[in-house]
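1. just a sequence and a predicted model for now, questions to come.
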Amino acid sequence: MSPFPERAEKVSTIVATACDFGYGPAAKLDSIAQYLSGFRLVVHGTRLGQHICEFAYDAAYDTDTPLEDVIQKERPSAVLSVLDPQSAVIAEKCGVPVVYVDSLPFLWSPSDAVPFLATAYCAQMCPSIPHTAWPVLRRIEHLHWVEGIVPEPVEPASGQRGVALISVGGVESPVTSAAESFYANLVLQPAIEALDAAGYERVVVAGNHDALMNADVDTRDMTITVDRRQLRHREFVGIARYARIVLTSPGLTTITECVSMGVPICLLPPQNLSQIFNARHALEVTKDLPHVGWPPAVFDVREVERLRLLGEEAAVKYIVDSLAAAGTDTRRTSDVRAALRRNLEHALLGTRHSEQPSRVPAAGASQIAEILRSVVSR
């Protein structure tokens, strides 16, 4: 044995951040973190993410602390940014390597902010890329295509087998506040009524926003038991894995997670711009996948397409304003709910006979972790 003490191996610090856009970015960060043993993890911002994520981190800073200050204090070996282009650009300016994770490469147009110079740009594979996104993707210098970003398999929570699950994600986007979100109020009542009419005895309603918890749902004439819960990521996956059916807004993370586990799904109307395209991609893979869109009176998809060319925020604002208009007029709200219930009852009948999506390649989280390790080791 050497008489000299062994030198302690330096532990590399990773600063991780995810934009507060619903459930997806935080859930992806949580999935990737499962493969980052051996790093010191520091979380910046992502208020919603700190609630959803379950991985152990060593330090956390809120958005009151500029990322530049966090980088100066923590001296990270790399920044892991999930759909947060601003943090990626800041890290680049500070001279820190950036591993950027993009689950929506099909969404961007030349008007959107994209970190083209990221040290490694990890884009989740998708069935097709629209022509508007190709000029953006061509400019990315270090593009890596990765498989579906989902967590390692988990066991279900006790007593959750066979329930129906409604998922409405974070009900939040960068261009709308909590008070302006009407999605849950429009969708939850008809969704629960349709499940009750289909004979389901229990439904867990999952989401991570006060709008979900406060949405008005009248169950007096129903026999179904409704359990509203704000779930952490792996707790959600544990329930979804053994659900009889998952009714979900078309968030790509939830779709990918459910499909990777072979769980039957029915798509609810979209909450935002990306979910319109998520639903389209899911239907490209499985054309008879049960799904329900908005009645035409809620918003015009053609107008969404037009505004999308001006950038994501313009299109999302139009969607949010349209949902707010439908959700503040009592008569319109009643009409929208009635139409959704009819369509959902029909869709739920279809889940008994439809071809559900086949399992998709889902090693994206571990692939990103390996790319990050490679970046750090350079």
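-> Perfect, I can see it now. Residues are numbered from 1 along each chain as shown.
2. find the nearest non-adjacent residue to Ser260, please.
-> Ala362 (4.1 Å; CB to CB, 6 or more residues apart in numbering). Using the backbone N, CA and C atoms, a C-beta is placed for each residue, glycine as well.
3. how close does that neighbour get to Leu344?
-> For Ala362, the distance to Leu344 equals 28 Å [CB to CB, to the nearest Å].
4. neighbour count winner among the two?
-> Leu344 (26 against 18; other CB atoms under 10 Å).
5. flag the shaky bits of the chain, pLDDT-wise.
-> Applying pLDDT under 70 to the chain picks out residues 1-10, 21-22, 46-51, 153-161, 170-181, 211-212, 287, 350-360.
6. quick one, helices of it?
-> Assigned by DSSP state H, the chain shows helices spanning 24-33, 47-52, 67-74, 85-93, 134-138, 183-197, 210-214, 233-240, 252-261, 273-285, 301-308, 312-328, 330-350, 364-377.
7. give the contact list for the residue nearest to Ser260.
-> Counting by CB atoms under 8 Å, 6 or more residues apart in numbering, Ala362 touches Glu147, Gly148, Ile149, Val150, Thr256, Ser260.
8. which of those residues lies closest to Ala118?
-> Checking those against Ala118 with CB to CB, the nearest one is Ile149 at 16.2 Å.
9. give me the number of residues near the closest one?
-> Neighbour count of Ile149, defined by other CB under 10 Å: 29.
10. residue contacts, it?
-> Lys28, Ser31, Ile32, Val101, Ser103, Gln124, Thr253, Thr256, Ala362, Gly364, Ala365, Ile368.
11. which of the residues you listed sit farthest apart?
-> Maximum distance among the contacts of Ile149 (CB to CB): 14.7 Å, for Val101 and Ala362.
12. on that earlier part again, which one among the contacts of Ala362 gets closest to Val15?
-> Ile149 (19.0 Å).
13. for Pro269, see how far away the closest one is.
-> 24 Å.
14. do the same with Gly169
-> Counting by CB to CB, the gap from Gly169 to Pro269 is 13 Å.
15. can you check Glu313 too?
-> To Pro269, Glu313 is 20 Å away according to CB to CB.
16. who has more neighbours out of the two?
-> Pro269 (24 against 16).
17. next up, the contacts around the more buried one.
-> Pro269 touches Val187, Ser249, Val292, Gly293, Trp294, Val298, Leu340, counting by CB under 8 Å, 6+ apart.
18. rerun at 7 Å
-> Val187, Val292, Gly293, Trp294 (CB atoms under 7 Å, 6 or more residues apart in numbering).
19. same question, Ser167
-> Ala206, Gly207, Val246, Thr248, Ser249, Thr254 are the contacts of Ser167 under CB under 7 Å, 6+ apart.
20. if we use 8 Å, what do you get?
-> Tyr23, Ala206, Gly207, Phe236, Ala240, Val246, Leu247, Thr248, Ser249, Gly251, Thr254.
21. leaving out the residues flanking it, which one is nearest to it?
-> Ser167 sits nearest to Thr248 (CB to CB, 6+ apart), 4.1 Å away.
22. which strand residues bridge the one you found?
-> Under DSSP bridges, the beta-bridge partners of Thr248 are Ser167, Leu267.
23. relative to Cys266, how far out is it?
-> 8 Å.
24. if we can go back for a sec, so can I have JSON lines of the contacts of Pro269 showing neighbour count and distance to Phe39?
-> Formatted as JSON lines, the contacts of Pro269 follow (neighbours: other CB atoms under 10 Å; distance: CB to CB, whole Å):
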{"residue": "Val187", "neighbour count": "26", "distance to Phe39": "39"}
{"residue": "Val292", "neighbour count": "25", "distance to Phe39": "42"}
{"residue": "Gly293", "neighbour count": "16", "distance to Phe39": "42"}
{"residue": "Trp294", "neighbour count": "23", "distance to Phe39": "43"}
